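Following is a predicted model, sequence given first.
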Amino acid sequence: MTTTHLTHITEPSGVAPGTGYTHVVTGTGRLVQLSGQVAFDEHRNLVGEGDPKAQARQVFENLRRCLAAAGADFSDVVKFTIFLTDIAYLSAVREARDEYLDGLPLPASSAMQVAALFKPEVLIEIEALAIVRK
């Protein structure tokens with residue numbers, strides 16, 4: 001599927017279909033790399049301690065704000081890298097992602113459970129890679 005400057009290849013020949021992500025996203029434009037975002041508000045207070053849904057929503061809000069600072073939005077995202085202290089939180093991340101992407105083609109994605117993030121109360125961290133139209 002082609003959307004403006006990005007092409008999403010959801011089912012490459014010979015590769016099992018993905019669930020909740022696109023296998024290949026390619027495009028032309030300016031590369032934007034976002035550092036991992038966690039559920040801190042603008043005052044560095046953790047939003048949703050112990051609540052993966054609240055943390056996921058705050059992480060995506062932070063990603064939205066970082067993308068905007070680079071002149072981008074979620075339609076420009078080609079890859080998410082998701083770090084979770086419990087893989088069971090992936091459903092909360094997908095729920096928040098779907099709210100923020102609002103029907104856009106899904107980017108490529110990797111998700112992994114990690115032993116810990118930099119603070120024990122932080123449950124989710126997400127990095128993003130975007131290609132912005134020239």
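Right, received. Where do you want to start? Residues are numbered from 1 along each chain as shown.

Give me the pLDDT for Gly29.
At Gly29 the predicted local distance difference test score is 94.

What strand or helix carries the residue nearest to Ala56 when sequence neighbours are not counted?
On the basis of C-beta to C-beta, 6 or more residues apart in numbering, the spatially nearest residue to Ala56 that is not a chain neighbour turns out to be Ala96, at 3.8 Å. C-betas here are computed from N, CA, C, even on glycine. Ala96 belongs to helix 90-101 when elements are defined using DSSP states H and E.

what angle do the following helix or strand past that helix and helix 90-101 make?
Reading on from helix 90-101 to the C-terminus, the next helix or strand found by DSSP H and E is strand 108-113. When axes from the mean of the first three to the mean of the last three C-alpha atoms, to 10 degrees is applied, the directions of strand 108-113 and helix 90-101 differ by 150 degrees.

returning to what we had before: which residues sit in contact with the residue nearest to Ala56?
53, 56-57, 59-60 (C-beta atoms under 8 Å, 6 or more residues apart in numbering).

Can I have the buried ones of those residues as a PyMOL selection?
Here is the PyMOL selection string for the buried members of the contacts of Ala96, based on 16 or more other C-beta atoms under 10 Å:
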select buried, resi 56+57+59+60
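
so which of the contacts of Ala96 comes closest to Thr26?
Within these, proximity to Thr26 (C-beta to C-beta) peaks at Phe60, which comes in at 23.5 Å.

If we go by neighbour counts, what in the helix or strand hosting that closest one is buried?
With the criterion set as DSSP H and E, the secondary-structure element containing Phe60 is helix 52-69. Buried residues in helix 52-69, defined by neighbour count with 16+ other C-beta under 10 Å: 52, 54-64, 66-67.

farthest-separated two in those residues?
Comparing all pairs in those by C-beta to C-beta, the longest separation belongs to Pro52 and Leu67, at 22.0 Å.

in the chain, what spans have low per-residue confidence?
Using pLDDT under 70 as the threshold, the predicted model of the chain has low-confidence ranges 1-3.
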